[in-house]
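pasting the sequence and the predicted model now:
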Amino acid sequence: MKLPLVELHLHIEGTLEPELLFDLAARNGVTLPWASLPELRAQYEFDDLQSFLNLYYRNLDVLRERVDFDDLTRAYLERARTAGVRHAEIFVDPQAHTSRGIPLLTALGGVRDALDASEADWGISTKLTVTFLRDRPAAEAMAMLGEILAGDFRIDGIGLDSAEVGYPPELFTEVFELARANGLHLVAHAGEEGPPAYVWQALDLLGVERIDHGIRSLEDELLLDRLVRDRIPLTVCPFSNVRLRVIDTLADHPIVRMLDRGLLACINSDDPAYFGGYIDDNLAALDREFGLGPDRLALLARNGIEASFLAAAEKAALG
Ligand code: ADE
Ligand code: ZN
């Protein structure tokens with residue numbers, strides 16, 4: 001039987017597969033700099049987070065209409081069902097769209113249209129997290145959060161993503177305070193490329209409930225003690241870590257060390273259209289690489305359920 005999987009670290013824009021990208025370009029009359037799929041695929045070699053982000057943001061140009069965001073999200077949910085995903089907490093980057101003239105309602109509304117059909121059409125419950133781009137001004141995030149809170153956008157949480165080094169969590173303290181005061185869940189990318197100090201800040205200044213990535217926490221024993229003691233989840237993304245050269249090869253991935261240290265780590269796909277696979281592919285590759293076996297695979301699946309923002313009864317129904 002398939003493990004009931006929960007996906008907690010998934011950028012919906014990072015599920016834009018090359019084929020859909022070409023279809024949307026044709027539908028919207030967008031001229032691409034690549035003549036063919038192989039030409040586009042040849043761009044999927046990254047040196048670091050920034051080199052990936054350059055292509056990720058560039059490719060968003062094909063997302064123009066509300067239905068485009070709906071189609072993108074539906075395509076992900078269809079693939080997620082195949083993987084055995086039963087619950088998905090999805091990130092969306094609205095500033096990556098409003099900054100190029102796409103209205104907030106077009107982006108968030110289109111994603112929401114698909115999520116509203118998700119339980120009925122794919123048997124997947126969902127939550128939606130707005131991730132603010134940390135390499136843009138905190139004042140812009142604040143203004144957007146105000147707009148979201150004033151509207152009827154039905155988001156469940158906020159997060160922090162994009163280029164990490166040089167953009168510490170402390171810059172966003174007020175944004176997270178406002179979100180907390182309004183009952184939203186709080187997460188942040190930290191310790192992906194940035195130092196353990198950014199993970200401490202995310203915990204102590206932003207008050208996040210989960211750390212996205214957090215792989216560099218392994219450099220700080222006191223931080224590990226804190227993460228273990230407070231059962232702070234880390235949403236780990238192995239294919240992403242390899243493709244963005246956080247580690248050299250999958251064989252170097254510290255997932256086993258993380259589990260042995262008692263961390264509440266779970267496996268996620270981050271930007272699967274760019275990094276070579278979805279959550280099931282990540283788990284299968286780790287199993288092959290490290291011989292995880294059924295017990296540790298089940299532990300990773302259980303960790304995902306525990307780390308989710310589902311209510312206790314919903315967790316019990318999954319586990
Ligand atoms: N946006 C999309 N994917 C990301 C990642 N892995 N890190 C930071 N920002 C991102
Ligand atoms: Zn991410």
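Good, I have the coordinates. Ligands and ions are numbered 1, 2, ... in the order given.

use CA for all of it now, contacts and neighbours both
Will do.

for the stretch 201-319 of the chain, what lies in contact range of ligand 1?
Counting by C-alpha under 6 Å from any ligand atom, the stretch 201-319 of the chain comes close to ligand 1 at 270-271.

which residues in the stretch 201-319 of the chain form strands?
Along the stretch 201-319 of the chain, counting by DSSP state E, counting those that start in this stretch, strands occupy 210-213, 233-236, 264-267.

turn those into a markdown table, including mean pLDDT and mean neighbour count.
Converted to a markdown table, the strands of the stretch 201-319 of the chain look like this (pLDDT from 0 to 100; neighbours: other C-alpha atoms under 10 Å):
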| stretch | mean pLDDT | mean neighbour count |
| --- | --- | --- |
| strand 210-213 | 98 | 27 |
| strand 233-236 | 99 | 26 |
| strand 264-267 | 98 | 28 |
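
can I get those strands in TSV with distance to Leu32?
What follows is the strands of the stretch 201-319 of the chain, written out as TSV (distance: least, C-alpha to C-alpha, whole Å):
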stretch	distance to Leu32
strand 210-213	32
strand 233-236	33
strand 264-267	33
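
for Tyr278, find the nearest of the ones you listed.
Closest to Tyr278 of the strands of the stretch 201-319 of the chain is strand 264-267 (C-alpha to C-alpha; 10.1 Å).

what packs against the closest one?
Helices and strands touching strand 264-267, by 3 or more C-alpha pairs under 8 Å, 6 or more residues apart in numbering; DSSP states H and E, are strand 233-236, helix 255-260, helix 279-290, helix 293-307.

how about the contacts made by the residue in the stretch 1-150 of the chain that ligand 1 sits nearest to?
Closest residue of the stretch 1-150 of the chain to ligand 1, C-alpha to the nearest ligand atom: His11 (5.8 Å). Counting by C-alpha atoms under 8 Å, 6 or more residues apart in numbering, His11 touches 90-93, 270-271.

what's the pLDDT at it?
His11 is assigned 99 on the pLDDT scale.

nearest to Pro4, of the strands of the stretch 201-319 of the chain?
strand 264-267 (12.6 Å).

which residues are in contact with the closest one?
Residues contacting strand 264-267 (C-alpha under 8 Å, 6+ apart): 7, 228, 231-238, 255, 258-259, 279, 282-283, 300-301, 303-304, 307.

tell me the gap between the host helix or strand of Thr129 and the middle of its chain.
Secondary structure from DSSP states H and E places Thr129 in strand 125-133. With C-alpha atoms, centre = their mean, to the nearest Å as the basis, strand 125-133 stands 8 Å off its chain's centre.

what's the answer for stretch 123-143, then?
How far stretch 123-143 lies from its chain's middle: 11 Å, per C-alpha atoms, centre = their mean.

CA atoms only: put that stretch into PDB for me.
Extracted in PDB, the C-alpha atoms of stretch 123-143 (Å, rounded to 0.1, in the frame of the first residue of the first chain):
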ATOM      1  CA  GLY A 123      -8.800  13.500  -2.700                       C
ATOM      2  CA  ILE A 124      -6.100  15.900  -1.500                       C
ATOM      3  CA  SER A 125      -6.800  18.400   1.300                       C
ATOM      4  CA  THR A 126      -4.800  21.600   1.000                       C
ATOM      5  CA  LYS A 127      -3.600  24.800   2.700                       C
ATOM      6  CA  LEU A 128      -2.200  27.900   1.100                       C
ATOM      7  CA  THR A 129       0.800  29.800   2.300                       C
ATOM      8  CA  VAL A 130       1.800  33.200   0.800                       C
ATOM      9  CA  THR A 131       5.600  33.400   0.700                       C
ATOM     10  CA  PHE A 132       7.100  36.800   0.700                       C
ATOM     11  CA  LEU A 133      10.300  37.400  -1.400                       C
ATOM     12  CA  ARG A 134      13.000  38.300   1.200                       C
ATOM     13  CA  ASP A 135      15.100  40.100  -1.500                       C
ATOM     14  CA  ARG A 136      12.300  42.700  -1.900                       C
ATOM     15  CA  PRO A 137      11.600  45.400   0.700                       C
ATOM     16  CA  ALA A 138       9.800  44.300   3.900                       C
ATOM     17  CA  ALA A 139       7.500  47.300   3.400                       C
ATOM     18  CA  GLU A 140       6.300  45.700   0.200                       C
ATOM     19  CA  ALA A 141       5.500  42.500   2.000                       C
ATOM     20  CA  MET A 142       3.700  44.500   4.700                       C
ATOM     21  CA  ALA A 143       1.600  46.300   2.200                       C
END
